[in-house]
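J.: can't give you the sequence, but here's the structure:
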């Protein structure tokens, strides 16, 4: 009997869990990703702020699946799908499937202002993180050389657009860089003079959390000297700063570093699949899925993670977080295996394990099982959960140790400015 | 009394040690580097082969000098010198000095064939190392997708040009990647089929070591399946492989990965200084220095490390290794301080602490204090010395732990393919 061929597109949390659930030796799994590693995205902001090195939050996909001999990893770009002939179209040719799992995730969106991307970097992959790290550290380096007080002020003003977890995490970490790690490092200014501002268009930051927790977060941010401004819409971003609208009034904030943490949209592969399946692409670039995460009219195609719009009987669609992707991956992998045995599975049910955001050293907020708490205990829980979830055992230990050091030394060891391209001169 | 101004150009081993020796509060030190970190170059090959992350072998210069308040670090490009007016010419303007320490190090040379740089990457800085890492890992990824046996063979053939310590370290590490770390990772070929070859133009590899130790190294390389070929001159390098000349006979070796580890030459700043001081630039881009490491005719200018040609009474000039740079830095820093007190110092004397090269797991060669040994004990000594010398305490611990894991797991955790430039598509 020919083996059942499953193609999984994407090696993020969803694809990883789907792959791991597909251990039946009668199934032949191909996992496609354009990168050779799985990235632990929740800690990406630590790379951007010099706390961790890229290798510490990324694990090679091949190492993860080393011993799962029914699964092969191919590093390639996926261009689209031929769902009639059941082929995934890739840069290296067509790859046939019997079942397809699309777990291609989301990417940053500038809501139509794509030219802002060059000015206001975002944070979605390792290259983003090392570039952002260079930008942040360079601003301090330039300030050390600058004599004009206005220009120096603009160099030391950091605007973060978007008050979701990523924006809050970045703001908190940036404040700790300025107030602790770099404290003694400069001779012509005091890094504590840095101004860090979160600009959010909505009525308050952290809209995925309760108002009580969002307030607790705002209080902790104030303690870190971070200014949170809500109801602020960004009209224009330039090398000189951001033009914003506050209550219909326009304002210009001079800043040499604007960071974009305002929104994500589904991978273009979602759109490609919607087109060939003649389905509607929903807001945020998502695809509505059936209760078993399959595509309407295509029981052999599954869409999971950030690309899936899953609502069935729920008040709100499932949030685009790691947990959703992981649980959908587990479910779909298991469902495909069960189907081969002629069985089926009840509809997918999401188990909300809780929600957290870290703000800084000893500062976080958490909502777990009906309980809400903030501050030191929330931070401990956050650190524990994140180290625990890091896929690769080695990274887990190293991250724990590095954090231990940073905690007691108030330092950040990985604050390197690395640049693409050959250096102009050695020194 | 105005303070004595010292400008140190370069934050490598020489500049670091000079800066650390200049603690006299009557001296105002400016350390210039185009990067914001000190790089522990002896372990760079580990980054290129996925054993360590960049942040683990680099320490921010500002962190190193955090508490030395008479020293400021400026991140800028040095363009040249005006030695009449005692100014260092930089991208951010002129910086005046009373004493100048040039410690700008060396860079890779392709011996006039600069166009090979794009084809055969070298290993001198972090960008080189992450690019080389991507090249090496990509070759295996491509091999997994290749069906043509000849093309696959070329993808799995790695040519290392140059049999010095860097070439030997890279070859050994690459062999361990193929034979251990990647062993179970691919489905369409066996990584053990990789062919790794060192091509050296001289009569034998590791010419800085005794013939006995070089032979021991060659034997250990053979155990790792690395082929050492001496007397091989590279005539041409292309995307398809290398054309070489062996005993006057031409030969073409198909290979998709040629690595350049064949030579270094002094930083262009050495040439710039030679021109304004009207001194001869020696072979290898070096400048002859006086017994106190100063430039002939300019007692206020010191040249140390890889740029200095120091021979005085010695059979051979001092080697371009870390030890030379560190000891010269210590000496010059101390001499400048002494001079301010109206004192002087006897001529610089190099203390040869020994020489080592690592070949792989449990394999190395070492020559220390008249004793020569190879194998396990040499490897232990190598590992001990290198962890000990890592500048930054945190890195030392992390490197030790990571190595501990890699040693027992035969794995390499940091094997990421990261690319400059924005990704074409998220997945």
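T.: All right, it came through fine. Since we're looking at a predicted model, the values are computed, not measured.
J.: Can you give me the neighbour number for residue A:69?
T.: A count of neighbours around residue A:69, defined by other CB atoms under 10 Å in any protein chain shown, yields 11. All C-beta spots, glycine's among them, are computed from the backbone N, C-alpha and C.
J.: how about stretch A:47-66, does it reach chain B?
T.: Yes. Stretch A:47-66 reaches chain B (CB under 8 Å from any CB of the partner chain) through A:50, A:52-56, A:58-60, A:62-63, A:66.
J.: In helices, which of those appear?
T.: Using DSSP state H, the members of those that fall in helices are A:62-63.
J.: Which stretches in chain A count as helices?
T.: Secondary structure of chain A (DSSP H): helices at A:13-21, A:44-48, A:61-64, A:126-145, A:149-155, A:165-176, A:211-223, A:268-276, A:322-340, A:376-389, A:393-409.
J.: Run through the neighbouring helices and strands of the longest one.
T.: Helix A:126-145 makes packing contacts with helix A:44-48, helix A:149-155, strand A:257-260, strand B:71-75 when contacts are defined by 3 or more CB pairs under 8 Å, 6 or more residues apart in numbering or on different chains; DSSP states H and E.
J.: re the thing from before, of the residues of stretch A:47-66 next to chain B, buried ones?
T.: A:50, A:52-56, A:58-60, A:62-63, A:66 (16 or more other CB atoms under 10 Å in any protein chain shown).
J.: that older thread, can you list the residues of stretch A:47-66 next to chain B in TSV and add pLDDT and distance to residue A:179?
T.: Formatted as TSV, the residues of stretch A:47-66 next to chain B follow (pLDDT from 0 to 100; distance: CB to CB, whole Å):
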residue	pLDDT	distance to residue A:179
A:50	85	14
A:52	82	19
A:53	84	22
A:54	86	25
A:55	82	27
A:56	81	24
A:58	86	29
A:59	85	32
A:60	87	36
A:62	90	41
A:63	85	38
A:66	86	43
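J.: Now flag whichever of the residues of stretch A:47-66 next to chain B is closest to residue A:100.
T.: residue A:62 (21.6 Å; CB to CB).
J.: so which of the helices of chain A gets nearest residue B:248?
T.: Using CB to CB, those put helix A:61-64 closest to residue B:248, at 43.7 Å.
J.: Tell me which of the helices of chain A sits nearest to residue B:151.
T.: Across these, residue B:151 has its closest neighbour in helix A:61-64 (20.7 Å, CB to CB).
J.: how far out from the middle of the chain is the closest one?
T.: Relative to its chain's centre, helix A:61-64 lies at 20 Å (CA atoms, centre = their mean, to the nearest Å).
J.: Who are the packing partners of that helix?
T.: Packing contacts for helix A:61-64, counted by 3+ CB pairs under 8 Å, 6+ apart, involve strand A:37-39.
J.: What strands flank the strand it packs on, and is each parallel or antiparallel?
T.: Strand A:37-39 has its sheet partners listed here by DSSP bridges as strand A:58-60 (antiparallel).
J.: for stretch A:117-124, which positions count as buried?
T.: Of all the residues in stretch A:117-124, those buried under the rule 16+ other CB under 10 Å are A:119-124.
J.: tell me the mean pLDDT for stretch A:296-312?
T.: The average pLDDT within stretch A:296-312 is 97.
J.: Could you tell me the end-to-end distance of it?
T.: With CA to CA, to the nearest Å as the measure, stretch A:296-312 spans 13 Å from end to end.
J.: Just the buried positions in that stretch, please.
T.: Buried residues in stretch A:296-312, counted by 16+ other CB under 10 Å: A:300-310.
J.: Could you do stretch A:248-263 as well?
T.: A:253, A:255-263.
J.: And the average pLDDT for it is what?
T.: Per-residue pLDDT values over stretch A:248-263 give a mean of 95.
J.: dump the residue contacts of the residue nearest to residue A:252 when sequence neighbours are not counted.
T.: Leaving aside its chain neighbours, residue A:252 sits nearest to residue A:243 (5.2 Å; criterion: CB to CB, 6 or more residues apart in numbering or on different chains). Residues in contact with residue A:243 (CB atoms under 8 Å, 6 or more residues apart in numbering or on different chains) are A:234-237, A:250-252.
J.: one more time with 10 Å
T.: Residue A:243 is in contact with A:233-237, A:250-253, counting by CB atoms under 10 Å, 6 or more residues apart in numbering or on different chains.
J.: Looks like residue A:52 contacts residue A:130 (just checking).
T.: No. Look at residue A:52 against residue A:130 with CB atoms under 10 Å: they stay out of range, at 11.4 Å.
J.: still on that earlier bit, out of the buried residues of stretch A:117-124, which comes closest to residue A:324?
T.: Nearest to residue A:324 among the buried residues of stretch A:117-124 is residue A:124, at 17.2 Å by CB to CB.
J.: so that closest one touches residue A:35, yeah?
T.: No. With contact defined as CB under 10 Å, residue A:124 does not count as touching residue A:35 (12.0 Å).
J.: residues from the stretch 151-300 of chain A in reach of chain B?
T.: A:181-188, A:264-269 (CB under 10 Å from any CB of the partner chain).
J.: Let me know the closest of those to residue B:377.
T.: Nearest to residue B:377 out of those is residue A:181 (CB to CB; 40.0 Å).
J.: correct me, but that closest one touches residue A:49?
T.: Yes. With contact defined as CB under 10 Å, residue A:181 counts as touching residue A:49 (8.9 Å).
J.: list the contacts for the nearest residue to residue A:297 once chain neighbours are set aside?
T.: Excluding the flanking residues, the one nearest residue A:297 by CB to CB, 6+ apart is residue A:277, at 7.0 Å. Counting by CB under 10 Å, 6+ apart, residue A:277 makes contact with A:81, A:83, A:287, A:295-298, A:301, A:303.
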